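[1] with the input below, show me the fold.
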Amino acid sequence: MCKSDCACMDDMCCSLRGKSIFLACWTLAHTIVLIITTFLSFCTGIENPYVLANTIIITITHMLGSIFLFVGIYKEKAWALLLGIIFSSIMPYLNLILIYLPTVQIIFTITSCRYYKILQGGAAKQ
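    Numbers count the residues shown, from 1 in each chain. Have a look, this model is predicted:
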């Protein structure tokens with residue numbers, strides 16, 4: 001029987017750490033797509049410089065999110081994981097028209113926040 005906080009769901013498919021690693025890889029994959037898209041937009045000569053500037057800012061923010069996620073997971077730094085979760089969530093929530101992005105982001109943000117809670121608890125014990 002599950003506890004009230006449904007901790008039994010945390011390790012259902014894989015560990016919370018594994019789910020956080022998936023979020024970091026998911027963010028990195030979308031960062032690569034954004035870099036390619038930004039490069040192609042720059043090469044084709046976008047007429048509106050504001051669109052290009054916004055795309056570059058979103059790409060850099062998403063890349064920082066991916067870096068912070070990987071640092072937070074592999075170095076077990078709770079603050080870096082939290083920054084990664086925040087930065088990696090900006091682009092999917094801006095693209096609500098692509099329903100798969102915010103859906104996957106919400107699911108894995110929840111699991112990553114649960115892993116953050118574990119990391120934060122581990123840091124408090126030391």
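
[2] now residue 92: how far from residue 23?
    Distance, residue 92 to residue 23, by CB to CB, to the nearest Å: 11 Å. C-beta: built from backbone N, CA, C; applies to glycine.

[3] and the helix or strand residue 121 falls within, what other elements does it pack with?
    Using DSSP states H and E, residue 121 sits in helix 100-125. For helix 100-125, the packing partners by 3 or more CB pairs under 8 Å, 6 or more residues apart in numbering; DSSP states H and E come out as helix 16-44, helix 49-74, helix 78-94.

[4] when residue 92 and residue 23 are compared, which one has more neighbours?
    Using other CB atoms under 10 Å as the criterion, residue 92 and residue 23 rank with residue 23 on top: 26 against 21.

[5] just checking, the more buried one touches residue 112?
    Yes: if you go by CB atoms under 8 Å, residue 23 and residue 112 touch, sitting 5.3 Å apart.

[6] ok, now how distant is residue 113 from residue 52?
    The value you get for residue 113 to residue 52, if CB to CB is used, is 33 Å.

[7] make that residue 72, sorry
    From residue 72 to residue 52 the distance is 30 Å (CB to CB).
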